[in-house]
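A.B. asks: what follows is a predicted structure for the sequence shown.
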Amino acid sequence: MKVMVVGSGGREHALTWKIAQSPRVNEIYCVPGNGGIAQIAECVALSVEDIAGVVAFAKAQGIDLAVVGPEVPLVAGMADALTAAGIRTFGPNAKCAQFEGSKAFTKDFLIRHHIPTARYKEYTRYEDIVKDLGIYGYPMVIKADGLAAGKGVVIPENEADARTAMKAIMADKAFGAAGDTAVIEEFLTGTEASILCFVDGKTIVPMESARDYKRAFNGDRGLNTGGMGNYSPNALFDDPALNERIQTEILTPIIEGFKADGMDFVGVLFIGLMIKDGAPKVLEFNVRFGDPEAQVVLPRMASDLVDIMEACIDGRLAECDIRWKPDAAVTVVLASGGYPENYQKGYEITGIDAVEGCEVFHAGTAIKDGKLVTAGGRVLCVTGLAPTREEARRKVYAQIDKIQFRDCFHRDDIAATEN
């Protein structure tokens, strides 16, 4: 069969790598792909926002399965367009993609279906939001409602910082139209965790757990990023009582809410949680594989990913026996100096061929004049599997310094035992 993956990041490299392992797949295309994906798939120079172009390509090539990786084309309706063209598509339609496209939409769904979450208020006027400074105390959470490339959440510690953040989001449009509506939320304390789930509209099945590191620097310091590393499984989910509460208080109400609201969700639902004293609350939804969660979860999957995706499309997820490897996985992100703010591109990358015993997933790379160069803030993800988390961690850190590019940096504390 022919498979098309849409996207260009580390998540899409991990997806393409896993799909390529299916004996059912003989051709893979990636739109637009990157320097690493080009080694296992044919990359197609189309934008992920060119829905008409992507659909035309899929029809011309006779694509049997389309997998849409990023949130932007999902929110824009790429899954709808591909499905309408007769292409079997793994990824939610535009109606369901609102769960990532609008923070307010998600909060309204959670409240209506009695799913534990933080208190919140929604605003469409800057004049109104400034009147509610500190309504839930400090720190306070301010979110641009729309898509903001993972950067639309600010957590000011005091009134002055809150006023500055509100002005940036709603008045100065720091995140563009994403800030036309904003949400203020109660700040939750506890341990942050996430769950990736397969969904077929009737059934929701959690994958193996993972633990993300959002801050740029060691010790969870610095600005929030798209993720600087990850490991799986997350020991937090070793607690049977917590898993039971997540199933009964979070997952079951979500799928029942989808049914009640006529949301035919097909794809992956990423659920961000805050857990305190054994009680889970939902922080956010994403409507696709996390990045770099995919880079640790997919290498641990023993089942054929293509089979699972097709079962979701056909509404047969409940029949799937999804198997997982017992090994732990750790991934460390190599980033460009200055990320997540300003950084340079186009630096040559060397040393990947010297890496042993680990997978190197490309997140922001390109081929220029026959050389592999940096093309993003997060450049590479180095992932290792081993019987224990500590062994996987040692395996990765023993290899990453073989990779070189100008201004490269990474965190040294990913999956450390004290974490």
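C.D. replies: Nice, thanks for sending it over.
A.B. asks: could I get the full set of strands for the stretch 51-200 of the chain?
C.D. replies: For the stretch 51-200 of the chain, the strands defined by DSSP state E, counting those that start in this stretch occupy 65-68, 89-90, 120-123, 140-144, 153-154, 182-186, 191-199.
A.B. asks: out of these, the one nearest residue 257 is which?
C.D. replies: Among these, strand 191-199 comes nearest to residue 257, with 11.8 Å by C-beta to C-beta. The way it works is simple: take the backbone N, C-alpha and C, and place the C-beta from them, glycine included.
A.B. asks: can you list the strands that the next helix or strand after the closest one pairs with?
C.D. replies: Reading on from strand 191-199 to the C-terminus, the next helix or strand found by DSSP states H and E is strand 204-206. Strand 204-206 sits in its sheet next to strand 191-199 (antiparallel), going by DSSP bridges.
A.B. asks: state the mean pLDDT of the partner strand.
C.D. replies: Average pLDDT, strand 191-199: 93.
A.B. asks: which outside residues touch it?
C.D. replies: Strand 191-199 is contacted from outside by 204-207, 209-212, 234, 236-237, 246, 251, 255, 258, 265-276, 283, 289-290, 293-294, 297, 308, 312, 317, 320, 322, using C-beta atoms under 8 Å, 6 or more residues apart in numbering.
A.B. asks: buried ones among these?
C.D. replies: Among those, those classed as buried by 16 or more other C-beta atoms under 10 Å are 204-207, 209-212, 234, 237, 246, 251, 255, 258, 265-275, 283, 289-290, 293-294, 297, 308, 312, 317, 320, 322.
A.B. asks: I figured residue 169 was touching residue 184, is that so?
C.D. replies: No - taking contacts as C-beta atoms under 8 Å, residue 169 lies outside contact range of residue 184: 10.6 Å.
A.B. asks: of those two, which one has the most company?
C.D. replies: Shown here are residue 169 and residue 184; by other C-beta atoms under 10 Å, residue 169 has more neighbours (28 against 22).
A.B. asks: and the more buried one, what pLDDT?
C.D. replies: 91.
A.B. asks: OK, contacts around it?
C.D. replies: Counting by C-beta under 8 Å, 6+ apart, residue 169 has contacts 142, 144, 152, 154, 175, 179, 182.
A.B. asks: let's see that with 6 Å instead.
C.D. replies: By C-beta atoms under 6 Å, 6 or more residues apart in numbering, the residues touching residue 169 are 144, 179, 182.
A.B. asks: again with residue 318
C.D. replies: Residue 318 makes contacts with residue 203, as judged by C-beta under 6 Å, 6+ apart.
A.B. asks: worst-scoring helix or strand of this structure, pLDDT-wise?
C.D. replies: Least confident helix or strand of the chain, by mean pLDDT, DSSP states H and E, is strand 153-154 with a mean of 86.
A.B. asks: who's in contact with that one?
C.D. replies: 142-143, 165.
A.B. asks: and the most centrally placed residue in the chain, how far is that from residue 296?
C.D. replies: Note on the chain: the residue nearest the mean C-alpha position is residue 290, at 2.0 Å, using C-alpha atoms, centre = their mean. Residue 290 sits 10 Å away from residue 296, going by C-beta to C-beta, to the nearest Å.
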